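K.L.:
Predicted model follows, preceded by the sequence.
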Amino acid sequence: MRALKYQDERIISDMTLSTLIDRYTDEIGQTKPFGKNKAAVLKSLKIALGDLTLPNLTADRLIDHIKSRSAATLTKKAAGGVTIAVELSYLGSVLKVAKQLWRLPVNADFISQARANMHYLGLSTKSKERDRRPTHEEIERLCVFFDAKGKRQKVPMSDLIRFATATAMRAGEIINLKWADLNEVDRTIIIRDRKHPQEKKGNDQEVPLLGDAFDIVKRQPQTDDERIFPVTDGTISSIFPRACNALKIADLRFHDLRHEGVSRLFEQGYRIEQVALVSGHRDWKMLARYTQIRAKDLHR
């Protein structure tokens, strides 16, 4: 007690996980704003486990939740092991803050126990690395498909496809590019709040517009919108797969264009630090999953 190490567990006997998440959101979320995924996960955790008091939040109860999340029903798809592992990480972050910052007598060991049991439930916590690269023919077919729609196709999808391939940017990064951040002299542009493992805000990065990317930007009409590609969030993710289905192009996602763009940079002879500048990867080892260089390409 003199060392201030004693904690009376009775102070959390009536405290629910929902209360803890609300406090975490109010205090921590104000200083370090959450991304969309984290905010959505915390909201779903409140719905599923929020009524539980902290002493009743045990490994057994969490394993039951994992089983429920991994089981498909008529109204929802089954969550994969990677998704569930992310949810456990966010839950662990809440409990860690509660223990270390707020000095609440919570024990988060049950999360490690539940994570260890995921293997026995047939759930892998490792994501499957995709090696799908669109062929030149597939990219051309998609562009022709969208261009054939003429004025009915209000979203410049063919330009977006070619731009994504040339810049290796994510869809969210592309649709948030602003005219004010374009440097026409240096042919560069600033990506605001680029994806980062820790920093959700303020991670701005200036990148070069290589290949046809600069010309694609310059031919976009300037409107009252400050963005170069004024597309609603989620539009690309709905239009692109419909086109793939219509053209019978299997297993292709818009994000695979980023994969293709990074791979092309390596094939063109750029060094890893130069590719990292374009792609935004902080950990160069992560680039290995995007460098699916084909054996036949080594003959060039």
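P.N.:
That came through, no problem.
K.L.:
Ramachandran coordinates for Asp51?
P.N.:
phi -80, psi -10 (degrees, to the nearest 10).
K.L.:
How many neighbouring residues does it have?
P.N.:
Asp51: 11 surrounding residues under other C-beta atoms under 10 Å. C-beta coordinates here come from the backbone N, C-alpha and C atoms, glycine included.
K.L.:
again, but for the one 10 residues further on
P.N.:
Other residues within reach of Arg61, judged by other C-beta under 10 Å, total 14.
K.L.:
pLDDT on the helix or strand hosting it, on average?
P.N.:
Remark: Arg61 resides in helix 59-69, with elements defined by DSSP states H and E. Mean pLDDT, helix 59-69: 89.
K.L.:
Now for Ala276: which residues touch it?
P.N.:
For Ala276, the set of contacting residues under the criterion of C-beta atoms under 8 Å, 6 or more residues apart in numbering consists of Arg282, Trp284, Leu287.
K.L.:
which among these gets closest to Ala72?
P.N.:
Ranked by distance to Ala72 (C-beta to C-beta), these are led by Leu287 at 34.1 Å.
K.L.:
Tell me the secondary structure of Leu95, please.
P.N.:
At Leu95 the chain is in helix, as set by DSSP: H, G, I helix; E, B strand; the rest coil.
K.L.:
Break down this structure into its helices, ranges please.
P.N.:
Secondary structure of the chain (DSSP state H): helices at 17-31, 36-49, 59-69, 81-100, 109-117, 136-147, 157-167, 171-174, 213-218, 235-246, 256-267, 272-279.
K.L.:
Rebuild these as JSON lines, extending it with distance to Leu182.
P.N.:
As requested, the helices of the chain are arranged in JSON lines below (distance: least, C-beta to C-beta, whole Å):
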{"stretch": "helix 17-31", "distance to Leu182": "32"}
{"stretch": "helix 36-49", "distance to Leu182": "26"}
{"stretch": "helix 59-69", "distance to Leu182": "43"}
{"stretch": "helix 81-100", "distance to Leu182": "35"}
{"stretch": "helix 109-117", "distance to Leu182": "45"}
{"stretch": "helix 136-147", "distance to Leu182": "23"}
{"stretch": "helix 157-167", "distance to Leu182": "13"}
{"stretch": "helix 171-174", "distance to Leu182": "13"}
{"stretch": "helix 213-218", "distance to Leu182": "6"}
{"stretch": "helix 235-246", "distance to Leu182": "21"}
{"stretch": "helix 256-267", "distance to Leu182": "19"}
{"stretch": "helix 272-279", "distance to Leu182": "16"}
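K.L.:
Of these, which is nearest Arg194?
P.N.:
When the helices of the chain are compared (using C-beta to C-beta), the closest one is helix 171-174, at 6.5 Å.
K.L.:
thinking again about what came up before, just want the angle from the helix holding Arg61 to helix 36-49.
P.N.:
Between the axis of helix 59-69 and that of helix 36-49 there is an angle of 110 degrees, by axes from the mean of the first three to the mean of the last three C-alpha atoms, to 10 degrees.
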